[in-house]
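Undergrad: Structure for the following, please:
(chains A and B)
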Amino acid sequence: MDMSYSITPIDGLFVLALSLLVGFEVIKNIPAVLHTPLMSGSNAISGIILFGGITQLLVTPITDIWTIAAASVAVVLGTINLAGGFFVTHRMLSMFVVKRKPAKETKG
Amino acid sequence: MLMFAYLAATIGLVQGLKFMGEPARAKLGNLVAAVSVLVALVALVLATGWASLANLVLLLVLLGIGTVIGQIWSNRVAMTAMPQLVSIFNGLGGACAVVLGLNQVFGQGDLAGDKLAGTVLLLTNIFGAVAFTGSMVAYMKLDGRKLPRPSQSQKIAARVLLALTLAALAYYLVAPVDMGAFPQLMLAVSIVALLYGIYFALPIGGADMPVVISLLNAMSGVATLFAGLVFHDPVMIIGGILVGATGVILTLQMCVAMNRSLSGVLAGTFKGSGAAQADAEQELRSITAVETASLLAFSKQVAIVPGYGMAVAQAQRECFALQEMLRQQGVDLHFIIHPVAGRMPGHMNVLLAEANIPYASVKEMSEVNNTMEHYDTVLVIGANDVVNPAAENDPDSPIHGMPIIRAYKAKQVIVLKRSTAKGYSGAVNTLFDRQNCKVLFGDAKGSLEEVINELKRI
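TA: Take a look at the predicted model:
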């Protein structure tokens, strides 16, 4: 089975150009109420830079201490960005749920 | 199989981000994006394989550590400190890019004269470095840490460092291929870019932070994009672009909302903030909490215009209490939010949501600005420049042309103020010259509590 998923630089440029269009299309016209969560969420997504660290960490022989150490640092930093970002976005968005219950209003 | 996993993850990311732009599905969108990343991560690990079992174990341990730290931080932080946290996370992503890039050249050194690969690596590190140190400075500014005051020399330093970075990049592009010295070049460029990030963020003032934070967010996205090109990883490329696009769009929206150019914000300048503006003594008509309460009680439609001052005073819960109190007396209270109120895009919305204030009563500036005269009373809490009529009718004002909330059109405006200080721009607020404007002096939280107690008595 072909396990490869990597792409050539030319493929990369294609992906780049197309996703640039998609990116702007998807994100324009967002209501102000969602600006903070959107930023925090997209910030989390930028944490996938950690994938680079994962690649380095997996392919380097474990005896190559320095490369492994640096890759480890990158993985931890990236994971904090990624996981923390998603958690905090979730927490923020949980507050936006409509909470007002009709029963409460009749009181008094 | 793995190709399909990657494809699914890519679609999920785009779809997740799209959902995140719709109020009803935003939470789902966040989950979809998170799951997509997880799927891509597993696929990546399986596809890459591992040099030895120890590598895999180490990876899993590190992922666990990072996740736990991220979760603890995101749960502990107060909602008012959200801009700080987002900055820190963003900075860590940037730092990750720098470490990765350096590790790639020092550890593997398999560039073999590939100029394109080298350029991409340099760009990864430049963007990552600026995102890292810039975000850290932004964090310290937002957190009120002591930093050198903005000065002309910082701006000059920033320009010199930027020029150095670009010069090094240009030199690399035209110089004959000598990959032997590439790691050193990479290290030097990274250090200069790290310094540039510091001097880039230092001179920028507090109220311009929404622009800077969006921009730094875009930069870490671009760093991810370039890293994706280095590692030939489509998910990184697409994710990076989505983040970059979000950041750029928000940055431009914030600039439009302030009627300032991006370069003006980055240079930290206001146009024509001449000395004539400075010291025209204004006479403020003050009002007491008791009078405010009775005014509110006799109103039908009331609005609150919140600003950064509300966040500082932590007065959002009092705002909610006031809303509840007024509702029981048949008075409708709206919140009107200026696009750049606070320290990050949408900052006020998050704080109001945290205080349980219903989404339906929170209005955007553009929704209500043409019907402001329907409001009997408008309370301005910790905002200044965004309600300054000089932006509309005084061509000499530094903020002339900035879209404002037309609070002055309401029948009565009450500004909650701690002191007589001017707003961020330093512009004289001509709102106070209007007959219908009064000032309730004191800490916003305390003043609101007094008003609420007074309302209880009525």
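
Undergrad: Double-check that residue B:189 belongs to a helix.
TA: Yes: assessed with DSSP: H, G, I helix; E, B strand; the rest coil, residue B:189 lies in a helix.

Undergrad: Name the strands paired with the helix or strand where residue B:333 lies and say parallel or antiparallel.
TA: Assigned by DSSP states H and E, residue B:333 belongs to strand B:332-337. Strand pairing for strand B:332-337, determined by DSSP bridges: strand B:301-306 (parallel), strand B:362-364 (parallel).

Undergrad: I'd like to know which elements the helix or strand just after the longest one is packed against.
TA: Next in sequence after strand B:301-306, counting helices and strands by DSSP H and E, comes helix B:308-313. Under the contact definition 3 or more Cβ pairs under 8 Å, 6 or more residues apart in numbering or on different chains; DSSP states H and E, helix B:308-313 sits against helix B:347-354, strand B:377-381, helix B:444-457. For every residue, glycine as well, the C-beta is placed using N, CA and C.

Undergrad: Quick one: mean pLDDT over helix B:308-313.
TA: The average pLDDT for helix B:308-313 rounds to 86.

Undergrad: And stretch B:253-261, by the same measure?
TA: Averaging pLDDT along stretch B:253-261 gives 84.

Undergrad: related to what we said a few turns ago, can I get the CA coordinates of the strand holding residue B:333 in CSV?
TA: Listed next in CSV are the C-alpha coordinates belonging to strand B:332-337 (Å, rounded to 0.1, in the frame of the first residue of the first chain):
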residue,chain,number,x,y,z
ASP,B,332,-35.5,47.9,27.9
LEU,B,333,-31.7,48.0,28.1
HIS,B,334,-29.5,47.4,25.1
PHE,B,335,-25.7,47.2,24.8
ILE,B,336,-24.1,48.9,21.8
ILE,B,337,-20.7,47.7,20.9
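
Undergrad: who's in contact with it?
TA: A:32, B:300-306, B:319, B:322-323, B:326-327, B:348-349, B:352, B:357, B:361-365, B:368, B:375, B:378, B:405 (Cβ atoms under 8 Å, 6 or more residues apart in numbering or on different chains).

Undergrad: Any buried residues in that strand, and which?
TA: B:333, B:334, B:335, B:336, B:337 (16 or more other Cβ atoms under 10 Å in any protein chain shown).

Undergrad: List just the nearest of the residues you listed to chain A.
TA: residue B:337 (6.5 Å; Cβ to the nearest Cβ).

Undergrad: beta partners for the closest one?
TA: residue B:364.

Undergrad: Can you get me the start-to-end distance on stretch B:428-439?
TA: 15 Å (Cα to Cα, to the nearest Å).

Undergrad: to the chain's geometric centre, what's the distance from that stretch?
TA: 30 Å (Cα atoms, centre = their mean, to the nearest Å).

Undergrad: what's the answer for stretch A:59-74, then?
TA: 23 Å.

Undergrad: give the contact list for residue A:29.
TA: residue B:21.

Undergrad: helix/strand/coil for it?
TA: Using three-state DSSP, the structure places residue A:29 in coil.

Undergrad: helices and strands of chain B: which one bottoms out on pLDDT?
TA: helix B:262-267 (a mean of 78; mean pLDDT, DSSP states H and E).

Undergrad: In terms of secondary structure, what does it contact?
TA: Using 3+ Cβ pairs under 8 Å, 6+ apart: helix B:262-267 touches helix B:209-230, helix B:234-258.

Undergrad: Show me what counts as buried in the longest one.
TA: Burial within helix B:234-258, assessed by neighbour count using 16+ other Cβ under 10 Å, is assigned to B:234-251, B:253-255, B:257-258.

Undergrad: now stretch B:200-216
TA: Using 16+ other Cβ under 10 Å as the test for burial, stretch B:200-216 gives B:200-205, B:207-216.

Undergrad: same check, this time on stretch B:309-325
TA: Neighbour-count burial for stretch B:309-325 [16+ other Cβ under 10 Å]: B:309-316, B:318-323, B:325.

Undergrad: So which of the helices and strands packed on helix B:262-267 is nearest chain A?
TA: Across those, chain A has its closest neighbour in helix B:234-258 (3.2 Å, Cβ to the nearest Cβ).

Undergrad: what angle do that closest one and helix B:209-230 make?
TA: 160 degrees (axes from the mean of the first three to the mean of the last three Cα atoms, to 10 degrees).

Undergrad: now for helix B:234-258, which elements pack on it?
TA: Using 3+ Cβ pairs under 8 Å, 6+ apart, the elements in contact with helix B:234-258 are helix A:9-27, helix A:35-46, helix A:50-59, helix B:2-19, helix B:26-48, helix B:209-230, helix B:262-267.

Undergrad: export those helices to a markdown table and tack on distance to residue B:282?
TA: Below are the helices and strands packed on helix B:234-258 laid out as a markdown table (distance: least, Cβ to Cβ, whole Å):
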| stretch | distance to residue B:282 |
| --- | --- |
| helix A:9-27 | 42 |
| helix A:35-46 | 33 |
| helix A:50-59 | 54 |
| helix B:2-19 | 47 |
| helix B:26-48 | 43 |
| helix B:209-230 | 27 |
| helix B:262-267 | 27 |
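
Undergrad: so which of those is the most packed in?
TA: helix A:35-46 (a mean of 30; mean count of other Cβ atoms under 10 Å in any protein chain shown).

Undergrad: can that one be found next to chain B?
TA: Yes: with Cβ under 8 Å from any Cβ of the partner chain as the measure, helix A:35-46 is seen reaching chain B through A:35, A:36, A:37, A:38, A:39, A:40, A:41, A:42, A:43, A:44, A:45, A:46.

Undergrad: Name the residue closest to the centre of chain A, please.
TA: residue A:45 (1.4 Å; Cα atoms, centre = their mean).
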